[in-house]
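[1] Okay, predicted coordinates and the sequence, questions at the end:
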Amino acid sequence: MKKLTKMIHGGIVGDEHTGAVSIPVYQVSTYKQEGIGGHKGFEYSRTGNPTRHALEELIADLEEGKAGFAFGSGMAAITAVMMLFNSGDHVVLTDDVYGGTYRVMTKVLNRLGIQSTFVDTSNLSTIEEAIQENTKAIYLETPTNPLLKITDIEAAANLAKKHSLLTIVDNTFSTPYWQTPIRQGADIVLHSATKYIGGHSDVVAGLVVVNSSELAERVHFVQNSTGGILGPQDSWLLMRGIKTLGLRMEATEKNTHKIVDFLVGHKSVSKVYYPGLENHPNHEIAKKQSGGFGGMVSFDVGSAERAAEILEKIHYFTLAESLGAVESLISVPAQMTHASIPAERRKELGITDGLMRISVGIEDADDLIEDLKRALS
């Protein structure tokens, strides 16, 4: 089944009880049992809900994994995955990682004894140097947020296997339409489904997919024990979003290439970060492991003051946190998504005060370029 077809026909299709082509929203907390333990697959909606189950089956299909799990946010999904580890365990993570991931590892999970080291995972030797006796996993973002660095998933997964480690990949930017990390050796894939998978700025959610029955049991135990589940209405919204995911990703990609060409040639932009550029570090790896380069672009305008001037003039790009929506969004990572990272650390990573990040939507590309042209002038 090709990907566009799988978006529509993957997972559980329709409702066998009524013939409805759309999975119903099972707004229910508990289920009648004919006798003790005599239920029809569901007993309590924290443990399992038919609407959530349909979404979980669908994302497992799309990511080509063994089982899927839906959480109340991307951070809930990341936290649940990290709860697979014990006090004293160590995880190697991508340095240019989402600010919320950095925050939960360094301000919350560290208090529970889970240790972390952040390195440039686009360099395999740097990953290997960071592995300790107590290391249990390698956590990758690729492309990263916001500098869009690329890590070779297959090579990193092979390195992890050599050291008996798990490979975890945040696939939020690429989505399963462009990139399937499990096929490339990853053990766990996760998403902030708030972004491209939902796609309409109307739901907050997180998804996890695992590649084995053993990991499925462990993640479900954490999900059921801690209760950070996604509700049925939001599960239904995500399934609706997935139906058009491929079409949206294709439209976004087409727009993004035009916008990147414009930004690269503009005198007010000192640097453009986009994996689709031939001079982008590891461009060939991105080309090898992904079907597309995505709709995220970062560019440097030199200073926070200059960024503020641009934001005052922009019209079609909405100043907002988040990304991956049908509408184009713009942000200044140093002051927004990555403000939780200390300034000196941001400086080390190259997240400057003048760095701007755009999430390209599906509007007409000419209008978006005209908007940027006016704001940059």
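    Received the coordinates, thanks. Numbering: from 1, shown residues only.
[2] list the helices and strands the longest helix that the chain contains packs on?
    Counting residues, the longest helix found in the chain (DSSP state H) is helix 245-264. Packed against helix 245-264 by the contact rule (3 or more C-beta pairs under 8 Å, 6 or more residues apart in numbering; DSSP states H and E) you find helix 3-9, helix 175-178, strand 271-273, strand 296-300, helix 365-376. Backbone N, C-alpha and C define where each C-beta goes, glycine included.
[3] Tell me which of these sits most buried.
    Of all the helices and strands packed on helix 245-264, helix 175-178 carries the top mean neighbour count, a mean of 26, counting by mean count of other C-beta atoms under 10 Å.
[4] what's the next secondary structure element after that one?
    For helix 175-178, the following helix or strand on the C-terminal side (DSSP states H and E) is strand 188-192.
[5] Surely residue 264 and residue 272 touch.
    Yes. Applying C-beta atoms under 8 Å, one finds residue 264 in contact with residue 272, separated by 5.2 Å.
[6] which residues of the chain fall in helices?
    For the chain, the helices defined by DSSP H occupy 3-9, 50-62, 74-82, 99-103, 124-130, 153-162, 175-178, 213-226, 232-243, 245-264, 283-289, 304-313, 343-349, 365-376.
[7] how about the helices and strands packed on helix 245-264 in TSV, adding mean pLDDT?
    TSV is the format used below for the helices and strands packed on helix 245-264 (pLDDT from 0 to 100):
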stretch	mean pLDDT
helix 3-9	94
helix 175-178	98
strand 271-273	98
strand 296-300	98
helix 365-376	97
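[8] Measure how the longest helix of the chain sits relative to strand 296-300, angle-wise.
    Helix 245-264 runs at 20 degrees relative to strand 296-300, counting by axes from the mean of the first three to the mean of the last three C-alpha atoms, to 10 degrees.
[9] Quickly note the distance from residue 55 to residue 96.
    Distance, residue 55 to residue 96, using C-beta to C-beta, to the nearest Å: 30 Å.
[10] Name the residue in these two with the higher neighbour count.
    Of the pair residue 55 and residue 96, residue 55 is the one with more neighbours under other C-beta atoms under 10 Å, namely 29 against 25.
[11] Touching, the more buried one and residue 69? I think so.
    No. The criterion here is C-beta under 8 Å, and residue 55 misses it with residue 69 at 9.6 Å.
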